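> give me a model of this one.
(one chain, ligands or ions: 1)
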Amino acid sequence: MSTAPILSSHVVIENLRRGRVVTDAEFDRLFDPWVRECSDAHWTPVAAALRAVEWLEPSPDTRVLDVGSGCGKLCLVGALSSPATFVGVERRVALVRAAEAVARAFAISRAEFIHSDFPLVSWSDFDAFYFFNPFAEYLYGASHPTIIDDNTSEQPWRFDRAIQIVESRLAALPIGTRVVCYNGYGGDMPKNFHVKQWQKINDCYLRLWVKEARPRPVRNTSVGRAE
Ligand SMILES: C[S@@+](CC[C@H](N)C(=O)[O-])C[C@H]1O[C@@H](n2cnc3c(N)ncnc32)[C@H](O)[C@@H]1O
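Residues are numbered from 1 along each chain as shown. Model (predicted):
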């Protein structure tokens with residue numbers, strides 16, 4: 001077990017603003033215990049969030065949408081470590097409030113959170129997208145050990161319908177759009193998205209997909225570097 005001292009919340013935030021890595025234990029202490037307890041299974045690790053932000057190449061004009069933003073870890077890390085605006089759409093109001101509380105407490109103004117169902121947000125307002133298993137829970141029952149809470153009965157979509165909606169939204173995005181997936185969104189990326197970067201972080205693959213005019217070659221697997 002590590003004996004390193006746990007950093008204070010303000011030091012954690014300052015380190016991220018300066019582009020320094022913090023541990024998940026340090027970051028997760030920004031949240032209440034019930035949010036923290038879901039971290040291993042449901043929230044993007046800080047190391048993956050920092051790498052995702054780097055691959056999204058955010059400028060001050062870039063707006064990134066995290067589809068199913070949970071407690072806002074990707075958006076908060078993104079807004080702290082880059083000049084872009086990160087917006088999360090999340091169906092669980094308690095998680096939206098948890099994310100907003102951290103953004104407010106530390107004046108992280110470029111992290112915004114919308115309490116909504118993901119198709120109700122206009123994707124044309126965004127330049128880049130992030131997914132980490134937003135719909136995996138639709139496949140589990142309420143008794144599954146990793147479920148966030150017991151409101152699975154309120155799931156707005158069946159898994160296959162949610163995937164269809166994402167596929168059609170991705171297909172409509174302009175050439176050049178960057179999409180980062182940690183593990184995935186549950187479906188296949190449309191054929192003209194090419195893998196440009198990938199890295200295994202903890203137990204999942206992080207991949208950068210970029211939309212091009214031509215379809216990817218068949219040999220371009222979903223894991224490997226594209227060309
Ligand atoms: C695995 S968590 C990922 C959270 C966050 N993106 C991250 O990487 O830390 C997936 C999240 O998607 C949310 N979600 C599921 N279906 C949704 C929907 N239809 N609209 C908005 N959010 C949804 C869940 O409530 C959950 O918080």
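
> going by C-alpha atoms from here, please, whenever you check contacts or count neighbours.
OK.

> any idea how far the ligand is from Ser116?
Taking Cα to the nearest ligand atom, to the nearest Å as the measure, Ser116 falls 6 Å from the ligand.

> wait, that residue touches Val89, no?
Yes - at 6.0 Å, Ser116 counts as touching Val89 under the criterion of Cα atoms under 8 Å.

> more neighbours, those two?
Between Ser116 and Val89, counted using other Cα atoms under 10 Å, the more crowded position is Val89 (23 against 16).

> what stretches of this protein score poorly on pLDDT?
1-5, 141-147, 149-154, 219-227 (pLDDT under 70).

> near the ligand, which residues of it show up?
42-44, 66, 68-70, 72-74, 89-92, 116-118, 131-135, 156 (Cα under 6 Å from any ligand atom).

> are any of these buried, and which?
For these, a burial check counting by 16 or more other Cα atoms under 10 Å picks out 42-44, 66, 68-70, 72-74, 89-92, 116-118, 131-135.

> just the ones of those in strands?
Among these, the members falling in strands (DSSP state E) are Asp66, Val89, Glu90, Phe131.

> and for the residue lying closest to the second one once chain neighbours are set aside, the neighbour number?
It refers to Val89. Nearest non-adjacent residue to Val89, counting by Cα to Cα, 6 or more residues apart in numbering: Ile114, 4.8 Å away. By other Cα under 10 Å, the residues close to Ile114 number 19.

> go on, Glu167?
Applying other Cα under 10 Å, we find 16 residues neighbouring Glu167.

> state the helix or strand in which it lies.
Assigned by DSSP states H and E, Glu167 belongs to helix 159-171.

> now the angle from the helix or strand following that helix to helix 159-171?
Once the chain leaves helix 159-171, the next helix or strand it forms, by DSSP H and E, is strand 178-182. If you take axes from the mean of the first three to the mean of the last three Cα atoms, to 10 degrees, strand 178-182 sits at 150 degrees to helix 159-171.
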